[in-house]
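**Student:** One predicted model, sequence on top.
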Amino acid sequence: MENLDWKNLGFGYRKTDYNVRCYFRDGKWGELEVSSSEQINIHMGATALHYGQEAFEGLKAFKGKDNKIRIFRMADNAARLQFSCDGIMMEKLPAELFMKAVKLAVKLNERFVPPHDSGASLYIRPMLIGTGAEIGVKPASEYLFMVFVMPVGPYFPEGFKPTDLIILRQYDRAAPQGTGKYKVGGNYAASMVAGVKAKKGGYSAVLYLDSREKKYIDECGPANFFGIKNNTYVTPESESILQSITNKSLMTLASDMGLKVEKRKVPYEELASFEEVGACGTAAVISPVKRIFDADENREFMYGTEPGVWTTKLYNKLRAIQYGDEPDIHGWVTIVD
Ligand code: PLP
Ligand code: COI
């Protein structure tokens, strides 16, 4: 096993041994190929480079006490990549191929899966890009699908400690009927100016309002939003946010725990009534939020400086399933053997 400071990894790129690739050429997907190179050779006219034909995924693998490696909700990521492909006219990758490539990439880099007690995990980054050259704006006829992996710690450096978010109305990450619901690179490029501004101000992320009316909560730059009040887990319904697999899992777990679950439009004013607030995602896991600062109205919403009771229960339950400490009653986990 690799000798790393597993408990202090942070969230960043790290070289591992192998990546897995698959090319779409002449109207069909080829065989999976294994590479140890960090480079790809790409045509200068590739649609990914000019017109943003690029989608990616993010999922994680965890090592159990039993030393088995578990991948969390891989089929859901496979399906979401297909959804993103439809959204930006890319060739759809068969789900079976996605899952085979993910399992292979994890297996080949087994020595980088962090130990069970480290609290770290192996982040898996599948990506699909248009590699065919086009100068007119149209879909490529050739694509590359790749999976690479790296051990990571928490996305927000605070980990499971409450963090601050900021509302900046002059920036949108996605248009109301645009690409916000797809996991495509352009959304992240569009979020960088506001994201850097937030970080400079000491905030871990921007909390976006809906870009049509600025009346409702959308999501954070890299994570979904939830609030809890009156024994109810509330999370935004919106046409321009990513359908988070973590959030979907938390809705199920919240319901299992006896909370009511509401996925609906969440008016801005409701921020004042939540007892607990959090950001959730694969990279972020759950980040409890202690304060939301509305920079335009110079108004702040305060929550606990310690993680709330329900947020903590949800976090512990999710992690226990992911690390194999509790039974996988919903069938979310794939064991790599
Ligand atoms: N929202 C955005 C914009 C994201 O990039 C992510 C990360 O994947 C999420 C939400 C969380 O989604 P998931 O829980 O599927 O990782
Ligand atoms: C994830 O949670 O997997 C993400 O993709 C978020 C961020 C790193 C873009």
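**Tutor:** Received, thanks. Every value quoted in this text rests on a predicted model; they were computed, and no experiment measured them. Ligands and ions are numbered 1, 2, ... in the order given.
**Student:** Write out the residues of the chain neighbouring ligand 1.
**Tutor:** Contacts of the chain with ligand 1, taken as C-beta under 6 Å from any ligand atom, map to 58, 219, 222-224, 242, 244-247, 281-282. C-beta here means a position set from N, CA and C on the backbone, and glycine is covered the same way.
**Student:** For ligand 2, give me its nearest residue in the stretch 51-200 of the chain.
**Tutor:** G58 (2.0 Å; C-beta to the nearest ligand atom).
**Student:** Tell me which residues touch G119, please.
**Tutor:** Taking C-beta atoms under 8 Å, 6 or more residues apart in numbering, we find G119 in contact with 7, 153, 159.
**Student:** what's the answer for G186, then?
**Tutor:** Taking C-beta under 8 Å, 6+ apart, we find G186 in contact with 52, 54, 179.
**Student:** Please apply the same query to F62.
**Tutor:** With contact set as C-beta under 8 Å, 6+ apart, F62 has these partners: 69-70, 72, 113, 116, 121-122, 322-324.
**Student:** Name the nearest of the residues you listed relative to ligand 1.
**Tutor:** Proximity of those to ligand 1 (C-beta to the nearest ligand atom) peaks at F72, which lies at 9.6 Å.
**Student:** could I get the contacts of F62 as CSV with neighbour count, pLDDT and secondary structure?
**Tutor:** As requested, the contacts of F62 are exported to CSV (neighbours: other C-beta atoms under 10 Å; pLDDT from 0 to 100; DSSP: H, G, I helix; E, B strand; the rest coil):
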residue, neighbour count, pLDDT, secondary structure
I69, 21, 98, strand
R70, 24, 98, strand
F72, 24, 98, strand
V113, 27, 97, coil
H116, 17, 96, helix
S121, 26, 97, strand
L122, 23, 98, strand
Q322, 23, 98, helix
Y323, 19, 97, coil
G324, 20, 97, coil
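**Student:** Three-state assignment for T312, please.
**Tutor:** Put simply, T312 is helix when judged by DSSP: H, G, I helix; E, B strand; the rest coil.
**Student:** er, P139 I mean
**Tutor:** coil.
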